[in-house]
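Student: Please find the sequence and the predicted model below.
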Amino acid sequence: DSSVTGVQTCALPIYPRRKATGWHAVWDQYRRLLAGRSAPDAIGWHFHTVPIGGHALEYNACWTNTAWHEQALARRLLERESFPALWRAGGVIQRNDQSHWLDRFIPFDYSNWAQRNAPCGGPGELSDWRGAPLDWAGYHPHRDDYRRPGEMRRTVFRCLDVDTPACRLTRDDVREAFARVRDGRTAVLAFTNHDRRDLRPDIARAEALVREVSAEFPEVPWRWSNARDAARDSLGVADAPAPQFALAWERGVLRISADRELFGPEPFFAVAEEGDRVYRDELTIEGERQWAWRPTRPRLLRAVAVGAANAAGRTGVARMAVSERDPAIRTMVCRA
């Protein structure tokens, strides 16, 4: 929601742009653009890890040296009652710390930037996808190296820029996807672009390229799809209703339950306190699809929310406001 785009600046001068800034500025714009459309679009999450210096045109390779990403997602949950099932790393920058965090909450990751005929990383480079799978199939990442196939939960898909200085979707890339299907395997051909410029010419070019290559493979069935449905269908995951949550206070403890299995081991839990303080907190595990939380600052508590995806990429959200006059908050204060 507070994602940034731009070139790596290093010692170069930083030129201003007319950037949308604010917690929901980008998200709200796209919700308005897509409202009322019949196309089955899906909105995910693209977040550039906020750098230590806080400048919007700098990058940060470390997911855990700030908590802006958790606050951004917590605010989307609390203030827009929405939670994502799709992810693409800002600047296609991913490391193991981000990989492990994602594996708790988000089933579909479109960050693999591996390229066959161009560099896709190097020693100390921000974006490093050296050795990642070059085919158009998803893979489960390895716990010790997000670029290698392994046994983690989420699925990482390859996604290339339509046309940027560092990456360009080529005819050979598209042919590889069609050839894969011709050989009896599933492919997800994913491409991306950047809205700091007019998206339409590049998207039209990519669409024309796909149609031209499809004429070379008349026996191969294919269709346009949003990122969630493409991921689910390629993996053979049956669609399923979004999880629903129940929240209830019991002697100063918030009890949380879900009606069906989640993608990860627990929901994302967001807290809003007096003074516009928002953060994610951890829950205790109380049983199958059951969790609990006891506030440590009950007098400041104003709202809580949970959000989670299931394996099919359907997401559920529940929010509860808390008032100083509520019996629950008075009970918590007495027990604090």
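Tutor: Received the coordinates, thanks.
Student: which outside residues touch the helix or strand hosting residue 69?
Tutor: Here residue 69 sits within helix 68-80, counting by DSSP states H and E. Identification of contacts with helix 68-80 by CB atoms under 8 Å, 6 or more residues apart in numbering yields 1-2, 23-24, 27, 45, 47, 49-50, 63, 82-84, 268, 270-272, 278-280, 303, 305-307, 317, 319. Just so you know, the C-beta spots here come from the backbone N, C-alpha and C atoms, and that holds for glycine as well.
Student: Now intersect these with the helices, please.
Tutor: Counted as lying in helices by DSSP state H, out of the contacts of helix 68-80, are residue 27.
Student: out of the contacts of helix 68-80, which are buried?
Tutor: Neighbour counting with 16 or more other CB atoms under 10 Å marks 1-2, 23-24, 27, 45, 47, 49-50, 63, 82-84, 268, 270-272, 278, 280, 303, 305-307, 317, 319 as buried within these.
Student: in the top helix by length along the chain, what counts as buried?
Tutor: Across the chain, the longest stretch assigned as helix under DSSP H is helix 200-214. Within helix 200-214, the residues that count as buried by 16+ other CB under 10 Å are 202, 206, 209-210, 213.
Student: Kindly report the same for stretch 240-252.
Tutor: Buried-residue list, stretch 240-252, by 16+ other CB under 10 Å: 242-243, 245, 249, 252.
Student: sorry, back to before: biggest separation within the buried residues of helix 200-214, which pair?
Tutor: By the measure CB to CB, 202 and 213 form the most distant pair in the buried residues of helix 200-214, at 16.7 Å.
Student: mind listing the strands for the stretch 1-150 of the chain?
Tutor: Listed in chain order, the strands of the stretch 1-150 of the chain (DSSP state E, counting those that start in this stretch) span residues 45-47, 86-89, 108-112, 141-142, 145-149.
Student: On the three-state scheme, the residue lying closest to residue 225 once chain neighbours are set aside is what?
Tutor: Excluding its sequence neighbours, the residue lying closest to residue 225 (CB to CB, 6 or more residues apart in numbering) is residue 233, at 7.1 Å. Under DSSP: H, G, I helix; E, B strand; the rest coil, residue 233 falls in the helix class.
Student: pLDDT score assigned to residue 233?
Tutor: Residue 233 is assigned a pLDDT of 96 by the prediction.
Student: List the contacts of residue 277.
Tutor: residue 300.
Student: Just the pLDDT for it.
Tutor: 96.
Student: Next one: it from residue 77, what distance?
Tutor: Using CB to CB, to the nearest Å, we find residue 277 at a distance of 15 Å from residue 77.
Student: buried ones in stretch 150-164?
Tutor: Those would be 152-162, for stretch 150-164 by 16+ other CB under 10 Å.
Student: Can you tell me which of the residues you listed lies closest to residue 19?
Tutor: Closest to residue 19, out of all of the buried residues of stretch 150-164 and judged by CB to CB, is residue 161, at 19.6 Å.
Student: about what we covered before: TSV please, covering the buried residues of stretch 240-252 and showing pLDDT and distance to residue 194.
Tutor: Shown next, in TSV, are the buried residues of stretch 240-252 (pLDDT from 0 to 100; distance: CB to CB, whole Å):
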residue	pLDDT	distance to residue 194
242	98	30
243	98	33
245	98	35
249	96	45
252	93	48
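Student: With distance to residue 103 and secondary structure as extra columns, can I get those residues in JSON lines?
Tutor: Converted to JSON lines, the buried residues of stretch 240-252 look like this (distance: CB to CB, whole Å; DSSP: H, G, I helix; E, B strand; the rest coil):
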{"residue": "242", "distance to residue 103": "20", "secondary structure": "coil"}
{"residue": "243", "distance to residue 103": "18", "secondary structure": "coil"}
{"residue": "245", "distance to residue 103": "21", "secondary structure": "strand"}
{"residue": "249", "distance to residue 103": "30", "secondary structure": "strand"}
{"residue": "252", "distance to residue 103": "32", "secondary structure": "coil"}
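Student: pLDDT averaged over stretch 131-150 - what is it?
Tutor: Stretch 131-150 comes out with an average pLDDT of 97.
Student: again, but for stretch 64-78
Tutor: On average, the pLDDT along stretch 64-78 is 96.
Student: could I have it exported to PDB, CA atoms only?
Tutor: What follows is stretch 64-78, C-alpha atoms only, in PDB (Å, rounded to 0.1, in the frame of the first residue of the first chain):
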ATOM      1  CA  THR A  64      13.300  -7.700   9.200                       C
ATOM      2  CA  ASN A  65      15.200  -4.400   9.900                       C
ATOM      3  CA  THR A  66      11.900  -2.500   9.800                       C
ATOM      4  CA  ALA A  67       8.300  -3.400  10.500                       C
ATOM      5  CA  TRP A  68       6.600  -1.100   8.000                       C
ATOM      6  CA  HIS A  69       5.400  -4.100   5.900                       C
ATOM      7  CA  GLU A  70       3.500  -5.500   9.000                       C
ATOM      8  CA  GLN A  71       2.000  -2.100   9.700                       C
ATOM      9  CA  ALA A  72       0.900  -1.700   6.100                       C
ATOM     10  CA  LEU A  73      -0.800  -5.100   6.000                       C
ATOM     11  CA  ALA A  74      -2.300  -4.600   9.500                       C
ATOM     12  CA  ARG A  75      -3.800  -1.200   8.300                       C
ATOM     13  CA  ARG A  76      -5.200  -2.800   5.200                       C
ATOM     14  CA  LEU A  77      -6.900  -5.400   7.400                       C
ATOM     15  CA  LEU A  78      -8.200  -2.900  10.000                       C
END
